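Engineer: Turn this into a model:
(one chain, ligands or ions: 1)
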Amino acid sequence: MVTLALDQIGARYGRRTILTDASTPDISGGSLTALVGANAAGKSTLFRRIAGQLRGSGAMRLSGATADDLRYMPQDTGMSAALTVYESIILALKQGAGGWRLSASELSAVDDALQRFGVAHLAEQQLPELSGGQRQAVSIAQTLVTRPKVVLMDEPTSALDLYRQYEVLDALNRYARDTGAVVVLALHDLNQVMRVCTTVMALAHGRIIATGPTLEVLTPQMINQLYGIDSRVERCSRGCPMMIVDGPAQQNAA
Ligand SMILES: Nc1ncnc2c1ncn2[C@@H]1O[C@H](COP(=O)(O)OP(=O)(O)OP(=O)(O)O)[C@@H](O)[C@H]1O
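Structural biologist: Below is the predicted model of the structure:
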């Protein structure tokens, strides 16, 4: 079982402190965890700090994995290289080493990544010719082709149409379940969070103010506190919890 915990993580840009004492209990692998919070709350900064791209105080604790098993997919991924989708996934698998020759298991890992994230039909297409949503799906396949045990993804569905959001989030959920990986997704669509994530980390003012089961964290009061929005939680016709937005908060949560 893979677990990730944060222990008083801090981060700053120059003199400006963005994160202070960001801590969580153990987050277990095998299902999806959402990182939620308002714009500029520090979600990308937290990911960059965990991924080792920023220095700062505190530490992450990993069990069942090492820092080498961690992959971070930023919000904007470059897709300007003159490579086909297939070549780009091989490159991500090889991480620049070992030439282009593939073993049978590597070939099947590339095929699996292409199939899982619905980009097999794009295999021969050049990266710069992809649409925004296609780029995002290819980027997810690149990130997961090595089957990392800890995955941080910054808004992985922001460019996807409604159907593709369902498809990709369900594929990420299956990936977490099949591999036991800790998969943390920064997401703004709280209905998708309620549908597919079992755990939520809520970030505000540089601290993680709650971590726990999705419906216990995403209460109307918490949504008011995080976003200044009045809302209710109801069930859709298929039984999934949904957030109904009533509008900007008439009274701020304490
Ligand atoms: N490279 C940087 N240098 C200086 N300040 C930065 C840098 N990157 C981000 N910031 C600042 O850090 C704060 C947190 O930004 P961050 O990108 O982590 O927020 P976020 O929660 O991911 O936001 P969003 O939901 O809008 O993507 C913001 O105030 C931002 O201006």
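Engineer: okay, and for the stretch 151-254 of the chain, where does confidence drop off?
Structural biologist: Along the stretch 151-254 of the chain, segments meeting pLDDT under 70 span 252-254.
Engineer: need the residues of it near the ligand, please.
Structural biologist: Taking CB under 6 Å from any ligand atom as the criterion, the ligand has no neighbours within the stretch 151-254 of the chain. Bear in mind the C-beta positions are built from the backbone N, C-alpha and C, glycine included.
Engineer: all helices for the stretch 151-254 of the chain, in order.
Structural biologist: Counting by DSSP state H, counting those that start in this stretch, the stretch 151-254 of the chain has these helices, from start to end: 162-179, 190-196, 214-217, 220-227.
Engineer: If we go by neighbour counts, what in the third one is buried?
Structural biologist: When neighbours are counted by 16 or more other CB atoms under 10 Å, the buried residues of helix 214-217 are found to be 214, 217.
Engineer: got a list of contacts for stretch 51-64?
Structural biologist: 1-12, 19, 21-23, 26, 29, 45, 48-50, 67, 69-70, 72, 149-150, 152, 180 (CB atoms under 8 Å, 6 or more residues apart in numbering).
Engineer: what is the rounded mean pLDDT of that stretch?
Structural biologist: If you average the pLDDT over stretch 51-64, you get 94.
Engineer: Show me the protein divided up by domain.
Structural biologist: 3-218, 219-254 (automatic domain parsing).
Engineer: most packed of the ones you listed?
Structural biologist: Neighbour counts (mean count of other CB atoms under 10 Å) averaged over each of those peak at domain 3-218, with a mean of 18.
Engineer: give the contact list for the residue nearest in space to the middle of the chain.
Structural biologist: Geometric centre of the chain, nearest residue: residue 185, 2.2 Å, by CA atoms, centre = their mean. Contact analysis of residue 185 by CB under 8 Å, 6+ apart lists 32-35, 153, 156, 172, 197.
Engineer: and what of residue 184?
Structural biologist: With contacts defined as CB under 8 Å, 6+ apart, residue 184 is in contact with 4, 27, 33-35, 47, 151-153, 201.
Engineer: just checking, which of those residues belong to strands?
Structural biologist: Within the contacts of residue 184, residues falling in strands by DSSP state E are 4, 27, 33-35, 151-153, 201.
Engineer: Which residue, other than its chain neighbours, is closest to the residue nearest to the centre of the chain?
Structural biologist: residue 153 (5.0 Å; CB to CB, 6 or more residues apart in numbering).
Engineer: So in terms of bridging, what pairs with that neighbour?
Structural biologist: In this entry, residue 153 is beta-bridged to residue 73, residue 185, by DSSP bridges.
Engineer: begin at 618 from here
Structural biologist: With the count now opening at 618, the last piece we talked about shows up as residue 770.
Engineer: That one contacts residue 757, doesn't it?
Structural biologist: Yes: Residue 770 is within contact range of residue 757, at 7.2 Å (criterion: CB atoms under 8 Å).
Engineer: Check the contact between residue 723 and residue 708; I expect there is one.
Structural biologist: No: contact criterion CB under 8 Å: residue 723 and residue 708 do not qualify, at 12.0 Å.
Engineer: What segments of this structure are strands?
Structural biologist: 620-624, 626-630, 633-639, 644-645, 649-653, 676-680, 687-690, 767-771, 799-803, 814-821, 824-830, 846-852, 858-865.
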